[in-house]
Structure formats: C-alpha cells, structure tokens
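# Fold the following.
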Amino acid sequence: GVCRIEGVRWLREYLGENPEAPIVHPVLPFLRMMKVYGIDVARLLKSCLVIAGLGCKWGCDFCAATLLMGYRKYVPLVRDGYELFELCRQAEAQCGTVSLKLQDDNFLKNSSMGPELLAAMERHGKTYRFTAYGSADAVSRLGADFLVRLGIEQVWIGIESRSRRFEKLDGVDLHALIGELRRKGVCVTTSSMLFMEHHGREEVAAEIEWALSLHTEIHQFAIFTPIPGTCAYDRMYAKGLLPRKPDLRALHGMTLVTLNPDIPADEARRIQLDAYRRKYAIDGPASLNMCRTMARGYLQAVADCEERERQGLRWDPETLGYVPTDHPGPDTYMHLRIAEMRERAVRAWPMLLACRVLAPNPQARAKAKDTERLYREAFGAPSLFVRAASFGVLLFALLEEVKIRVHRRFTGLEYIPYQPRMQRTR
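The predicted model follows:
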C-alpha cells in the first residue's frame, strides 16, 4: 500500500490494528550535529523534537503537507497543551534538556496548545524554551508578549512572496511585527520563494530586496519547487512550465525545475547564492544577530516586567495580555523566564569575539563590537570562563577558516559539507 495520509493511523489500519488508539510520542533527540565556528555544539545545545501535528489550516497551493493531510486540514498528534507539557517533562528527565523543537507546520495557528502549554508551565514553575513555526497572522494575533512568556526563542515565518500575497499575510505589517519580536528577544527566521511563475528578472530582484529589508536573524531564499500532486504543480504543468517527468532528486528548493522562459537553471542558482551572500554582507553572521537579539530581549524583558509591576498589571490567560488587577504583586513566573533568558544569552557570549575578528566587512565588525558593549551593559564584565571560552571559539574558528580555504582551493566549493551520524529511534 501507499500512504497518502497521516502515517501512524494509516499503518495501524494497514496492519489490522486500531487506528484510533492513543499515539505514544517517543522522546526524540533533535540535534545530531551543528557546526558553529568549527565547533560541533549539538551536545552543548541539547534539544528534543516533538511532532505536535501535521498539516495546516491555510492550505497554500504549493504545500506538500496540505496535499497529504487534506486541504486546510490539521491532524493533531498531541491531544492538547497539557500532554505537550508532559512530553517536555519526559525530554528533561531522559535527555537533560529544556529546549524543544516543535515540529508542526503551523504550531502557533493550529490549536490552543500554546496557551494550555503556558498554563501548565506556570503551574509547575517550568521555563522550557521552544523553536516553532508560525504564520504571520497567528504570530501577530498572539503577540510578542505571549511568545516571550511561552519561551519561543526562535520562530519561523513563511513570508513567501511580496508580489503574490497569501491569505496568511493579509493585514500584517511584517516589518513592524518582526521588529517587535526581535526587540523583545524572539529570533526570527523567514523564508521566501524565488522564480515563481510570474517572476522575471526584475520581480526576482524586488523579492530579494524585500526579504533583505526585514533584517531577520536568518532568511531562506528557496527556489519555488512545485511538488507533484499539489495545486501549484497541476497549474504549472497545465501551462507547460513543468516537464512531464521531473527529476524527483531535484525537488529540494536549490535547483530550478520549472521551465522559466527568462531565467535558465544555472543563472537561477547563481542568483540564489548571490542573495545569500548579500544577506551575509548586509546583516552579518546569523550567530551575531541571534546574540544581539537575545541581549536586547533580556534588557527589554527586565524593563517591561518592572514597568508592569509598577503599573499593577498581571498576565491574563484569557486575553493573552497584561491587564490591570486589584491585587498587584510580583510576576513570579516572568522572573523565572527572565532568568532563563539571561542564561540563554550568556551561554552564547563566547561567540562574539569570533564574530568580530572574522566579520565579513567593517559594518559587521562594528555591529559585533556594539553587541559586545550591549552584553556588558546587560550582564556586566565577562567572567574568566567567558573570556577563556571566547579565545577557544576564536581558535577553532580560525582553524575552520584555514580548512575551508584549503578545501575551496582543491574542490572549488565555498564550504565543507558535513554529514551527521545516523540516528535510530526505537
């Protein structure tokens, strides 16, 4: 048989088992390898994966998950936020981590799991932190204060296209939204698509400029890649913009598979790489941007918490905002969250020296130097450990730089590909 829906229930039915039996989510270590300045930090940044659900209620025409799960359909694999909290506790007990990746095509849109998860964490005094996906409309509706309190350290927002607006972007001021998230300490990854069916050279250039103007920590410039079976694929095939038998190995967002009459595949690849180079030149390393956002967010969280307590405001789980109260007092849970934000930022401090020394241009070097000043303002003078670790990171970074230059000379590649170890989960 061929599975065309959610896999666990399908396989149970295929094997003659009860498809509606409860799904027991295993504890899944997430990071197997992450190279930062030549150092594999996966063990330092221990994280677990939780697959909360599949599909998305927006039903974008290019989305393979929409194709498999059903148009605008969401299939939960975790019942509610309270069950998700128990999975967080299991991850902490078995893997010693408080950091989790929420694998869900639109976690912040799809359910009430977020508010329920926050309520459970507040009840038990836990400050887990998360990386999650969220459409712009959902992030805007929930607000930056909720994301900070919940512990969203990084959110991925698909902005898709400037020239073709999707429903999930209607009425959202992306520049204002992303600016507020970053100011309050939430790192933002955005993604957009190049070489869509209406894109000529001028349109592609405008899309790149629009994405760069957002100044997010990370941006993915993906080549528009219709997957067989999606509405976008059927539409473009009918227009003669796709070959009869596409090379399935090329459906990864880094190769142009559509028959664009204006831009050949090799030029599309060059434009894509140049977009990434410009992002790096304009905003500097992602590690620097994330450090800067974490430090700014910590300072803002402290100031906001003090101001709310002065005004007698408290968190309201119904409105997901801060409201006046007749019984003002310290926001105990937010104090715990601020302590977690401080720990998270200080742990990244040793990267800043390498960010400054190996900066790609004077602009990035000045940004790194100012971020070091920001860290001293927020956390005081660096400890002996931070100083020693900073020189250690710089040494590894310089060695990696030499390795990359040697590799480039003999292979022509600008990078060294690393393959993580295979992970088996029983």
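# Flag the shaky bits of the protein, pLDDT-wise.
Regions of the chain meeting the criterion pLDDT under 70 cover residues 1, 69-71, 110-111, 423, 425-426.
# Quick test: name the residue nearest the centre of it.
Centroid-nearest residue in the chain, with CA atoms, centre = their mean: Trp156, separated by 3.7 Å.
# Distance-wise, check the nearest residue to Leu394 once chain neighbours are set aside relative to Glu400.
Distances taken as CB to CB, 6 or more residues apart in numbering place Ala354 nearest to Leu394, at 4.7 Å, with adjacent residues excluded. Quick note: C-beta positions are derived from backbone N, CA and C, even for glycine. Distance of Ala354 to Glu400, computed by CB to CB, to the nearest Å: 10 Å.
# okay, these two: which has more neighbours?
Using other CB atoms under 10 Å as the criterion, Ala354 and Glu400 rank with Ala354 on top: 28 against 18.
# quick revisit: which secondary structure state is assigned to the residue nearest to Leu394?
Under DSSP: H, G, I helix; E, B strand; the rest coil, the three-state class of Ala354 is helix.
# that older thread, intersection of neighbour lists for Ala354 and Glu400?
Common neighbours of Ala354 and Glu400, using CB atoms under 8 Å, 6 or more residues apart in numbering, are Tyr37.
# List the buried residues of stretch 325-341.
331, 333-334, 337-338, 340-341 (16 or more other CB atoms under 10 Å).
# meant to ask about stretch 35-43, not that
Buried-residue list, stretch 35-43, by 16+ other CB under 10 Å: 36-42.
# Same list (those) but as CSV, adding secondary structure and distance to Ala265.
As requested, the buried residues of stretch 35-43 are exported to CSV (DSSP: H, G, I helix; E, B strand; the rest coil; distance: CB to CB, whole Å):
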residue, secondary structure, distance to Ala265
Val36, strand, 32
Tyr37, coil, 33
Gly38, coil, 33
Ile39, strand, 35
Asp40, strand, 34
Val41, coil, 35
Ala42, coil, 34
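# Make TSV out of those residues and add distance to Glu116.
Compiled in TSV, the buried residues of stretch 35-43 are given as follows (distance: CB to CB, whole Å):
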residue	distance to Glu116
Val36	34
Tyr37	39
Gly38	41
Ile39	37
Asp40	35
Val41	32
Ala42	30
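# Next one: the nearest residue to Tyr233 once chain neighbours are set aside from Ala378, what distance?
Computed as CB to CB, 6+ apart, the closest residue to Tyr233 that is not its neighbour in sequence is Pro226, at 3.8 Å. Going from Pro226 to Ala378 by CB to CB gives 46 Å.
# Those two: which is more packed in?
Set Pro226 next to Ala378 and count neighbours by other CB under 10 Å: Pro226 wins out with 24 against 17.
# quick one: stretch 166-174 to chain centroid distance?
Remark: stretch 166-174 is offset 18 Å from the chain centroid, using CA atoms, centre = their mean, to the nearest Å.
# Give me the buried stretch members for it, please.
166, 168-169, 172, 174.
# Let's verify the residue nearest to the centre of the chain: helix, strand, or coil?
Applying three-state DSSP: Trp156 is strand.
# Could I get the contacting residues of it?
Trp156 neighbours (CB under 8 Å, 6+ apart): 131-134, 189-191.
# same check, this time on Arg376
Pro382.
# buried stuff in the helix or strand where it lies?
Assigned by DSSP states H and E, Arg376 belongs to helix 362-379. Buried residues in helix 362-379, defined by neighbour count with 16+ other CB under 10 Å: 364-365, 367-368, 371-372, 374-375, 378-379.
# Alpha carbons only: can I get it in PDB?
Written as PDB, here are the backbone C-alpha positions of helix 362-379 (Å, rounded to 0.1, in the frame of the first residue of the first chain):
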ATOM      1  CA  PRO A 362      33.600  46.800   8.600                       C
ATOM      2  CA  GLN A 363      29.900  47.100   9.100                       C
ATOM      3  CA  ALA A 364      29.600  43.600  10.600                       C
ATOM      4  CA  ARG A 365      32.700  44.200  12.700                       C
ATOM      5  CA  ALA A 366      31.200  47.400  14.200                       C
ATOM      6  CA  LYS A 367      27.900  45.500  14.900                       C
ATOM      7  CA  ALA A 368      29.800  42.800  16.700                       C
ATOM      8  CA  LYS A 369      31.700  45.400  18.800                       C
ATOM      9  CA  ASP A 370      28.500  47.200  19.700                       C
ATOM     10  CA  THR A 371      26.900  43.800  20.600                       C
ATOM     11  CA  GLU A 372      29.800  43.200  23.000                       C
ATOM     12  CA  ARG A 373      29.100  46.600  24.600                       C
ATOM     13  CA  LEU A 374      25.400  45.600  24.800                       C
ATOM     14  CA  TYR A 375      26.400  42.400  26.600                       C
ATOM     15  CA  ARG A 376      28.500  44.300  29.200                       C
ATOM     16  CA  GLU A 377      25.600  46.600  29.700                       C
ATOM     17  CA  ALA A 378      23.200  43.700  30.300                       C
ATOM     18  CA  PHE A 379      25.400  41.300  32.200                       C
END
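# Please consider this matter closed, and thank you.
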